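Novice: Below: sequence and its predicted model.
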Amino acid sequence: MMNKSSGPPPTADTDAVRAAGLTAVRGSRTVLRDLGFVVPRGRITGLLGPSGCGKSTLMRAIVGTQAKVSGTLDVLGRPAGHPDLRARIGYVTQHPSVYDDLTVRQNLDYFAAILDPGRAAAARRRDAVSRVVADVDLADHAGALAGNLSGGQRSRVSLAVALLGTPELLVLDEPTVGLDPVLRRDLWNLFHDIAATRGTALLVSSHVMDEAERCHRLLLMRGGRILAEDTPDALRTRTGTATVEAAFLHLVDEAAAAGHAKETAR
Ligand SMILES: Nc1ncnc2c1ncn2[C@@H]1O[C@H](COP(=O)(O)OP(=O)(O)OP(=O)(O)O)[C@@H](O)[C@H]1O
């Protein structure tokens, strides 16, 4: 990253993530183009856009695992990728990273021991594991082998791992894919609870537009660019539409018309 790695973290800052001129290249392609946005603390920011628009790449840039990123990207008062950030960010990828030959509880015990090692912390770890198992509603499956769980249950184990360290920023890549409507609703309720009671910033990606309505704020992406950054209400009002999906289509048409006008003016 181009931004400097020194300086104290501004902990009182209301933005968990702040990006300006953010660009990322994968292979020979520029997949993020000059992005500028913020992700506030204590709020759920939805990252929405069609498949391939760059959502996962943007999330990887924020958690510091994406190569060839340029511009400014501050995360919790540090440049993205700073070693201090590891314990402060929870990241759940689209491919749950759990050990199939361990039970749900053993998986969590293992990750808890990495985060909070030592005999003296045993009771704290036990409490943390019980808390996150309940958070993701897996108490009935705590003794089940992860390899025998459904896809949705495995994703929830991954989410539980991310919640272990009580992170200040939770980055969740399509966490509700493949879940039934009841579980989806429960997970969104959990996200709201985490944001409200812990002040955590959540960045949640989805390509399902109806999930947009559940977010406090939205980053609408298309083709590696941010089309709009606003609340669902403001987006609907600004575009004179009834749903975020209609607002998104309106903005796509508007951007295409602006591009066309620019071309013809040349
Ligand atoms: N290893 C790679 N090399 C080159 N291009 C890549 C690579 N991985 C991804 N891309 C391209 O980068 C772009 C953004 O991909 P990304 O996975 O960030 O999109 P996404 O919005 O998360 O998609 P989805 O919703 O399907 O997960 C895509 O056009 C993809 O083809």
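Specialist: Perfect, I can see it now.

Novice: Please tell me how far the closest residue to residue 115 other than its chain neighbours sits from residue 199.
Specialist: Spatially, and ignoring its direct neighbours in sequence, residue 115 is nearest to residue 165 (5.0 Å; Cβ to Cβ, 6 or more residues apart in numbering). C-beta here means a position set from N, CA and C on the backbone, and glycine is covered the same way. Here residue 165 is placed at a distance of 15 Å from residue 199 (Cβ to Cβ, to the nearest Å).

Novice: When these two are compared, which one has more neighbours?
Specialist: Neighbours were counted for residue 165 and for residue 199 using other Cβ atoms under 10 Å; residue 165 has more, 19 against 12.

Novice: Now do the contacts for that one.
Specialist: 87, 88, 90, 115, 116 (Cβ atoms under 8 Å, 6 or more residues apart in numbering).

Novice: and if we set it to 7 Å?
Specialist: 87, 90, 115 (Cβ atoms under 7 Å, 6 or more residues apart in numbering).

Novice: The last one and the ligand, how far apart?
Specialist: Using Cβ to the nearest ligand atom, to the nearest Å, residue 115 is found at 27 Å from the ligand.

Novice: swap in residue 233?
Specialist: From residue 233 to the ligand the distance is 25 Å (Cβ to the nearest ligand atom).

Novice: What is the burial count for that residue?
Specialist: 10.

Novice: Where do the strands of the stretch 151-266 of the chain begin and end?
Specialist: Per DSSP state E, counting those that start in this stretch, the stretch 151-266 of the chain carries strands over the ranges 169-172, 201-206, 217-222, 225-230.

Novice: With mean pLDDT added, can I get these in a markdown table?
Specialist: Below are the strands of the stretch 151-266 of the chain laid out as a markdown table (pLDDT from 0 to 100):
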| stretch | mean pLDDT |
| --- | --- |
| strand 169-172 | 96 |
| strand 201-206 | 96 |
| strand 217-222 | 94 |
| strand 225-230 | 95 |
